[in-house]
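Visitor: Please find the sequence and the predicted model below.
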Amino acid sequence: MSLAATLVWTIVFLSSLVLGRVIYALHLSPYRHIPGPRVCKITQYWTLWHDIWLRRVEKIHEWHRRYGDVVLIAPGKVSFSDAVSTREIYGTSCGLPKSRYFDNFLAYCNRSVFCTLGVKEHQEALKRTIAFYRPTSVFKSAMLQPVRDNVKKTLNQLARRTENGHATLDILIVCNFFSFDNITRLLYGPDLCTRTIEHESCFERTILGGWMTVELWNNLLYNFPVAHKVTKAIFSYCSDKPDFLAADDKLADWNMRRVDAALRKPADMAVDSLLHVLSTAKTPDGEPLPKSWIAAELLDNIHAAQSTVALALTYVLWNLANCPEWQSRIREELSAMPLEKDGLSAFSFLQFAPILDACITESSRLHPLSSGRAERVVPVTRAYNGIVLPANTVVSTSTLAIHHRPEVFPDPQAYKPERWLHAKGEVLRVMQSCYIPFGYGARLCLGKPFAQAGIKHFIAGILMQFEVCIDPRSGTTSRTMAQLGTQNALPRGRRCELLLKRLPVACTCKQKAS
Ligand code: HEM
């Protein structure tokens with residue numbers, strides 16, 4: 001056969017394959033009845049394309065606006081944006097397993113609690129640590145004092161940097177170090193964590209610097225690992241950055257060294273650290289946990305806690321910088337609270353400060369920090385929101401879409417803390433059922449109480465000493481602060497420069513009597 005004929009036959013063959021695929025997807029597939037862009041019914045690569053270009057999450061939100069609460073985002077993958085389906089997918093009694101997407105989070109070849117898939121396996125893993133994360137454990141002064149110390153340390157550092165009364169700073173970096181110090185203290189105890197904020201040139205800072213880049217490239221890694229490897233090799237070779245995308249590996253080594261050191265001297269381990277809890281825990285066979293299990297759990301907690309808390313703080317400050325009136329209201333509320341001996345507001349009062357709470361809650365509604373792929377697998381064919389899904393369909397709720405339901409959150413794009421202050425009864429209940437920044441149900445974020453305590457202390461500390469303002473000369477604008485449409489929710493500009501002005505009277509709170 002001539003070359004031309006071979007070419008023609010190849011084209012005919014490939015075209016009929018594509019045509020067959022299109023006919024099957026649109027007319028025969030068990031997913032044909034589900035609303036969504038046609039291209040998503042035919043191929044998964046359209047969603048993957050958006051994933052790699054860091055706009056998957058916002059694209060899915062856009063599709064929900066166009067097609068409704070149930071959208072087919074790829075063959076076999078369905079996204080929801082309503083409260084009832086969310087309850088059915090994630091609720092404690094439903095027990096849907098996680099999807100294979102979570103294999104991407106294995107560390108040292110082990111599964112942490114976060115990436116266990118099956119319900120039984122998850123419950124087994126949860127037994128070891130759940131008590132450690134409970135509010136009753138986390139809100140003890142032994143656990144909170146290190147957080148308060150880190151707030152004080154950050155405030156001292158900011159005071160030095162605003163010696164002339166004001167300075168424009170990249171708040172994202174400040175929040176990153178605060179968040180890292182907090183989580184490492186919780187995980188390793190006081191001796192093995194590092195004081196990164198004080199040491200400008202320390203190793204941990206360089207890891208954190210490279211980490212943001214790693215997060216941006218993770219979508220390529222999860223979807224096309226070989227392409228990721230090649231890109232990494234090419235960039236490292238051609239640029240003068242041999243460490244390009246190496247931060248994750250460095251963090252894993254750094255974590256393992258800490259676990260090694262601690263297990264060599266168990267008597268020195270801080271009893272209020274996760275490391276201690278894990279080192280005394282047992283496997284289902286009654287054996288001590290292997291070192292790599294312990295290390296995997298700790299590493300995963302850093303991943304879960306680091307950028308989420310840092311970004312939560314950054315977005316709260318950004319939103320408040322745009323709304324000076326809400327800053328004043330928070331200050332007024334804080335001024336009525338007694339101070340502890342360390343000069344910060346008492347947590348027992350911060351915990352129930354409604355204005356502070358509303359401002360933080362509204363910020364996480366607009367900017368969910370973990371808005372990515374909380375995928376679960378449907379075990380048997382059944383209907384969700386009136387639409388039958390075959391067994392093995394991968395389902396998830398779009399956090400961005402459910403947080404922006406206009407009938408629940410009128411004017412959904414606007415930052416309006418008052419909606420949380422004014423809502424009562426059924427209205428509030430509906431709002432809460434559509435608010436899932438920490439996930440929902442059986443796999444709700446274990447670190448939620450710890451994260452919230454850190455966020456409240458930090459925001460209260462900053463607002464009592466500084467006025468946070470937009471600096472029109474900085475490059476930070478609403479456009480650069482729009483979230484990248486990925487699961488890690490970084491702002492597009494990858495920085496958040498805000499003007500901090502020291503308040504004339506640092507604090508007018510009442511000193512605690514004792
Ligand atoms: C603002 C900060 C945080 C946000 C927005 C956040 C969000 C989330 C979300 C949405 C999930 C559920 C994922 C899923 O359903 O697939 C989750 C799980 C988890 N988070 Fe967080 N998180 C935050 C902070 C933290 C902190 C500080 C810690 C550790 C102290 C932590 C530890 C965990 C763990 C261990 C899980 C797995 C829970 C399980 O599967 O049972 N998170 N987080």
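Guide: In hand now; what should we look at? Residues are numbered from 1 along each chain as shown.
Visitor: Please make it C-alpha for all contacts and neighbour counts, starting now.
Guide: Fine.
Visitor: so what does the longest helix anywhere in the chain touch, helix or strand wise?
Guide: Ranked by number of residues, the top helix in the chain under DSSP state H is helix 291-321. Applying 3 or more C-alpha pairs under 8 Å, 6 or more residues apart in numbering; DSSP states H and E, we find helix 291-321 packed against helix 171-188, helix 247-264, helix 274-280, helix 324-335, helix 354-366, helix 448-465, strand 466-470.
Visitor: For these, give me a markdown table that also has mean pLDDT.
Guide: Output for the helices and strands packed on helix 291-321, formatted as a markdown table (pLDDT from 0 to 100):
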| stretch | mean pLDDT |
| --- | --- |
| helix 171-188 | 94 |
| helix 247-264 | 93 |
| helix 274-280 | 95 |
| helix 324-335 | 97 |
| helix 354-366 | 98 |
| helix 448-465 | 97 |
| strand 466-470 | 97 |
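Visitor: Out of those, which is the most enclosed?
Guide: helix 171-188 (a mean of 24; mean count of other C-alpha atoms under 10 Å).
Visitor: quick one: contacts of that helix?
Guide: 143, 146-147, 150-151, 154, 192-197, 205, 208, 258, 269-270, 272-276, 298, 301-302, 305-307, 309-311, 313-314, 454, 495-498 (C-alpha atoms under 8 Å, 6 or more residues apart in numbering).
Visitor: before we move on, the earlier item: tell me what angle the longest helix of the chain forms with helix 171-188.
Guide: 150 degrees (axes from the mean of the first three to the mean of the last three C-alpha atoms, to 10 degrees).
Visitor: Give the buried residues for helix 291-321.
Guide: 292-302, 304-321 (16 or more other C-alpha atoms under 10 Å).
Visitor: so is whichever residue of the stretch 101-250 of the chain sits closest to the ligand in a helix, a strand, or just coil?
Guide: The nearest approach of the stretch 101-250 of the chain to the ligand comes at residue 114, 3.8 Å away (C-alpha to the nearest ligand atom). Following DSSP: H, G, I helix; E, B strand; the rest coil, the label given to residue 114 is coil.
Visitor: one step back: Serialize the helices and strands packed on helix 291-321 to CSV and add fields for distance to residue 484.
Guide: Listed next are the helices and strands packed on helix 291-321 as CSV, based on distance: least, C-alpha to C-alpha, whole Å:
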stretch, distance to residue 484
helix 171-188, 15
helix 247-264, 20
helix 274-280, 32
helix 324-335, 26
helix 354-366, 13
helix 448-465, 22
strand 466-470, 21
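Visitor: interface residues of the stretch 401-514 of the chain facing the ligand?
Guide: Residues of the stretch 401-514 of the chain lying near the ligand by C-alpha under 6 Å from any ligand atom: 437, 438, 439, 443, 444, 445, 446, 447, 448, 450, 451.
Visitor: The fifth one and residue 483: what is the separation?
Guide: Counting by C-alpha to C-alpha, to the nearest Å, the gap from residue 444 to residue 483 is 23 Å.
Visitor: now swap in the last one and tell me
Guide: With the distance defined as C-alpha to C-alpha, residue 451 ends up 20 Å from residue 483.
Visitor: what does the second one give?
Guide: Here the criterion is C-alpha to C-alpha. By it, residue 438 lies 17 Å from residue 483.
Visitor: and these two? which has more neighbours close in?
Guide: With neighbours defined as other C-alpha atoms under 10 Å, residue 438 and residue 483 compare such that residue 483 has more, 25 against 19.
Visitor: didn't the more buried one look like it was pressed against residue 366?
Guide: No. Counting by C-alpha atoms under 8 Å, residue 483 stays clear of residue 366, with 9.8 Å between them.
Visitor: coming back round to it: thought the residue of the stretch 101-250 of the chain closest to the ligand was touching residue 298?
Guide: No. Look at residue 114 against residue 298 with C-alpha under 8 Å: they stay out of range, at 11.1 Å.
Visitor: My understanding was that residue 367 contacts residue 313; is that so?
Guide: No. With contact defined as C-alpha under 8 Å, residue 367 does not count as touching residue 313 (10.9 Å).
Visitor: what number of residues lie near residue 156?
Guide: Neighbours of residue 156 (other C-alpha under 10 Å): 12.
Visitor: List of residues touching the host helix or strand of it?
Guide: When secondary structure is defined by DSSP states H and E, residue 156 falls within helix 141-161. Identification of contacts with helix 141-161 by C-alpha under 8 Å, 6+ apart yields 137-138, 167, 174, 178, 181-182, 185-186, 197-198, 272, 344, 453-454, 457-458, 461-462, 502.
Visitor: where does the residue sitting nearest the centre point of the chain land in three-state SS?
Guide: Geometric centre of the chain, nearest residue: residue 370, 3.3 Å, by C-alpha atoms, centre = their mean. Applying three-state DSSP to residue 370 yields a three-state assignment of coil.
Visitor: Would you check how far apart the nearest residue to residue 463 once chain neighbours are set aside and the ligand are?
Guide: With sequence-adjacent residues excluded and distances taken as C-alpha to C-alpha, 6 or more residues apart in numbering, residue 463 is closest to residue 331, at 6.6 Å. When distance is defined by C-alpha to the nearest ligand atom, to the nearest Å, residue 331 is 22 Å away from the ligand.
Visitor: Quick check: residue 331 vs residue 457, distance?
Guide: 13 Å.
Visitor: and residue 226, how many residues sit next to it?
Guide: By the criterion of other C-alpha under 10 Å, residue 226 has 12 neighbours.
Visitor: now for whichever helix or strand it is part of, which elements pack on it?
Guide: Secondary structure assignment for residue 226, by DSSP H and E: helix 225-238. On a contact count with 3+ C-alpha pairs under 8 Å, 6+ apart, helix 225-238 meets helix 203-223.
Visitor: Does anything pack onto the helix it packs on? Which helices or strands?
Guide: Looks like helix 203-223 contacts helix 45-52, helix 225-238, helix 247-264 (3+ C-alpha pairs under 8 Å, 6+ apart).
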